[in-house]
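Visitor: Need coordinates for the below:
(one chain, ligands or ions: 1)
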Amino acid sequence: MTAAPARSLALPSAFLAAALSFPAAAQVGQKLATDRPNVTILATGGTIAGAQPKPGEVGYKAGSFSVESLIRAVPGMEKIAAVTGEQIANIGSQDMNDAVWLKLARRANELQKDPNVNGIVVTHGTDTMEETAYFLDLVVKGDKPVVLVGSMRPATAISADGPMNLYNATSVAASLAAWGRGVLVVMNDDIHYAREVTKSNTTSLQTFVSPDRGRAGAVLFGKPTFYAKPIERHTSGSTFAVPLPDKLPAVLVVYSHANAGRELVDAAVAAGAQGIVLAGVGDGNATAAIIDGLAAAARKGVVVVRSSRVGSGTVARNVELDDDKLGFVAGRDLEPGKARVLLQQALTKTRDVVQIQKYFDEY
Ligand code: GLU
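Guide: Numbers count the residues shown, from 1 in each chain. Down below sits the predicted model:
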């Protein structure tokens, strides 16, 4: 999908009035005073940059507004950071792809090395935010905060949540307390670790949760508090993507359900998948037909990772299925989308399932 042309922002009058009453907000896009942290916003699109055909209408087009418009819509931003915006893409995140991921990662890695930058914010659609966050968690090298943020309501909606989310995300990116924690997601006053977070509701403002280990912290009116440390390897502690590859390995996800046959597994192998993630029922289970198909794929050298469609909980080795015999990897508590992200990285290094299980145990 091609990037939508940037529109100038026609926000509801309350936001516009608030923005205009903060003169420094008009200077965003340039580096501001040096006594404040410098935060770079990398914009990719999503609902946070979405516009309704008319205010009050339900439908909208994601990725309609430019990064400058998004920044201008946040009154008081200049008090927490000197903000610079860069447009990496302007798409709905259902269209997120490897090319945008690699572009984003390259830029984030450059900014990690830039002594003038204190933190990075990535604006992003919420549909695949957790996958992008986890990808960056594995491939960005550095301890500076990288914070993904989006919104559930488009920029033109009544009570749009984007401006407060962006304000909070920028304050987290500007915070010393956020250093060394890996990639974070800030939504609806919560801070989540990239590895733990998932979207749990199609439309609710309170959609992002970290079901297994809880949220990383909270951020209220630009004041972050952290509750817990990240557990797994990430960013500086990750051995992946040095250097970043030009292309990521093909990994497909197969969904299991009652009465499922093995057609999609066979189609994935025929399409050239190097890896297949099973979005299994329950504890990463599937019909005998799917398991037969996956075992055949594994015998051909395709790496198979079992995960679950359930949304929380872990998939352990050798419980109802004999992973040792079948040659499978157990995906633990990574949801299928994130298991795909890790398997892509693992396949850049090896096809050895013992080593890949080790990666799944550590990341
Ligand atoms: N599908 C859109 C996206 O992910 C809308 C979801 C959102 O941003 O909230 O970009």
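
Visitor: wait, Ala51 sits on Phe65?
Guide: Yes - the pair Ala51 and Phe65 passes the contact test of C-beta atoms under 8 Å, sitting 6.5 Å apart. Quick note: C-beta positions are derived from backbone N, CA and C, even for glycine.

Visitor: Could you give the number of residues near the closest residue to the ligand within the stretch 101-250 of the chain?
Guide: Of all residues in the stretch 101-250 of the chain, the one sitting closest to the ligand is Gly125 (1.8 Å; C-beta to the nearest ligand atom). Residues within reach of Gly125, counting by other C-beta atoms under 10 Å, total 24.

Visitor: check contacts around it.
Guide: 44-48, 62-63, 91-94, 96, 150 (C-beta atoms under 8 Å, 6 or more residues apart in numbering).

Visitor: ok so, going back, please say which of Ala51 and Phe65 ends up with more neighbours.
Guide: Relative neighbour count places Phe65 above the other of Ala51 and Phe65, with 30 against 23, counting by other C-beta under 10 Å.

Visitor: Quick one: the strands in the stretch 101-250 of the chain, in order.
Guide: Using DSSP state E, counting those that start in this stretch, the strands assigned to the stretch 101-250 of the chain run over residues 119-123, 146-149, 183-187, 190-193, 198-199, 208-209, 217-220, 223-226.

Visitor: can you list the ones you listed in TSV and add mean neighbour count and distance to Ala298?
Guide: Conversion of these to TSV gives the following (neighbours: other C-beta atoms under 10 Å; distance: least, C-beta to C-beta, whole Å):
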stretch	mean neighbour count	distance to Ala298
strand 119-123	28	35
strand 146-149	28	34
strand 183-187	28	31
strand 190-193	24	31
strand 198-199	21	27
strand 208-209	22	33
strand 217-220	19	40
strand 223-226	16	41
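
Visitor: and of those, who's closest to Val140?
Guide: strand 146-149 (5.8 Å; C-beta to C-beta).

Visitor: Does the closest one reach the ligand?
Guide: No - where contact is defined by C-beta under 6 Å from any ligand atom, no part of strand 146-149 touches the ligand; the two come within 10.4 Å at best.

Visitor: neighbouring contacts of that strand?
Guide: 48, 108, 119-124, 129, 132-133, 136, 140, 165-166, 168-170, 172-173, 178, 182-187, 194, 235.

Visitor: what do you get if the cut-off is 7 Å, keeping everything else the same?
Guide: If you take C-beta atoms under 7 Å, 6 or more residues apart in numbering as the criterion, strand 146-149 is touched by 108, 119-124, 129, 132-133, 136, 140, 165-166, 169, 172-173, 183-187.

Visitor: do the same with stretch 275-285
Guide: The set of residues that contact stretch 275-285 without belonging to it, under C-beta under 7 Å, 6+ apart, is 249, 251-257, 265, 268, 286, 294, 297, 302-310, 315, 319-321, 330-331, 336, 339-340, 343, 347.

Visitor: buried subset of those residues?
Guide: By neighbour count, with 16 or more other C-beta atoms under 10 Å, the contacts of stretch 275-285 hold 249, 251-254, 256, 265, 268, 286, 294, 297, 302-309, 315, 321, 330-331, 336, 339-340, 343, 347 as buried.
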